[in-house]
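Colleague: Structure, please.
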Amino acid sequence: MLFYKLVNSRDKRRMVLNPSLALVIVLAGCSMVDTAPTGTSPELDVRNYYIQLASPNVEYDYTVASTAPDHPTSGTLAMNMKGIFDSVNGTPVYGCLWNYGTYGTPTNWYYSLSNLQAINLGTETSNWQYTDTWVDLQSPLDQNKSWIFTSQGEQITATIVKYGATAQVEGQSYDNVLMVNYTGASGTTGTEWFQRGTGIIYSHVTRPNFGMVEN
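Modeller: As a prediction, the model looks like this:
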């Protein structure tokens with residue numbers, strides 16, 4: 001479940017998405033995304049569907065459910081953008097401060113983002129090394145498009161199963177939504193929802209011998 005807030009020092013406007021979106025999908029077990037309309041063009045720039053990393057002070061607030069270590073079983077996650085942090089092979093790396101409130105301590109999280117790929121790098125270990133290479137999105141974005149990547153030693157296949165769709169939740173509509181399903185060779189499963197102009201509005205990933213994380 002996602003609350004999205006734009007908290008820019010020069011612009012105090014705030015945009016809040018319906019907080020029941022992901023919760024209703026999970027608890028009710030309903031299919032909330034319609035078939036993509038005919039004629040929807042492929043998206044070549046994944047940044048149009050990703051979280052707004054480039055502008056500091058943009059904040060995403062999620063509710064959390066988890067069975068994995070280093071995550072609260074329930075609670076909230078505040079993601080505060082810190083802007084560009086580094087560059088790897090010419091691709092910008094952006095920092096984001098993850099804060100679970102009363103659980104644990106705030107942690108810096110990193111993302112590699114270009115027009116071609118959006119990669120969740122996880123945390124930094126040492127010497128500019130990161131803990132993961134999870135490819136959230138890869139260009140071109142279109143119905144049934146797939147890509148393969150390696151995350152923590154496991155081969156993952158990602159497939160866009162809904163694109164250019166409308167999410168229907170309690171009578172309210174959300175346009176330009178895509179859904180990606182992830183399947184790992186060692187048993188990882190996941191699904192993530194992205195809305196154009198906003199980014200991730202729902203995420204549920206389960207990894208063997210680690211557990212489930214839902215935002």
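Colleague: okay, how far is it across stretch 120-131, tip to tip?
Modeller: 9 Å (Cα to Cα, to the nearest Å).
Colleague: For it, buried residues please.
Modeller: Asn120, Leu121, Gly122, Glu124, Tyr130 (16 or more other Cβ atoms under 10 Å). Any C-beta I mention is one placed from the backbone N, CA and C, and that applies to glycine too.
Colleague: Among those residues, which are located in strands?
Modeller: Asn120, Leu121, Gly122 (DSSP state E).
Colleague: Nearest to Thr107 among those?
Modeller: Nearest to Thr107 among these is Gly122, at 9.7 Å by Cβ to Cβ.
Colleague: now the ones in strands among the buried residues of stretch 120-131 as CSV including pLDDT?
Modeller: As requested, those are arranged in CSV below (pLDDT from 0 to 100):
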residue, pLDDT
Asn120, 97
Leu121, 96
Gly122, 95
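Colleague: Give me the distance between Tyr163 and Arg196.
Modeller: In this structure, Tyr163 and Arg196 are 10 Å apart, going by Cβ to Cβ, to the nearest Å.
Colleague: out of these two, which sits in the busier spot?
Modeller: Per other Cβ atoms under 10 Å, whichever of Tyr163 and Arg196 has more neighbours is Tyr163, with 24 against 16.
Colleague: can you give me the helices in this protein?
Modeller: 21-28 (DSSP state H).
Colleague: Low-confidence ranges, it, go.
Modeller: Within the chain, the ranges that satisfy pLDDT under 70 run 1-39, 168-172.
Colleague: Next up, the contacts around Thr105.
Modeller: With contacts defined as Cβ atoms under 8 Å, 6 or more residues apart in numbering, Thr105 has no neighbours.
Colleague: Thought Ser203 was touching Glu214, still the case?
Modeller: Yes - counting by Cβ atoms under 8 Å, Ser203 is a contact partner of Glu214 at 6.8 Å.
Colleague: okay, these two: which has more neighbours?
Modeller: Glu214 (23 against 19).
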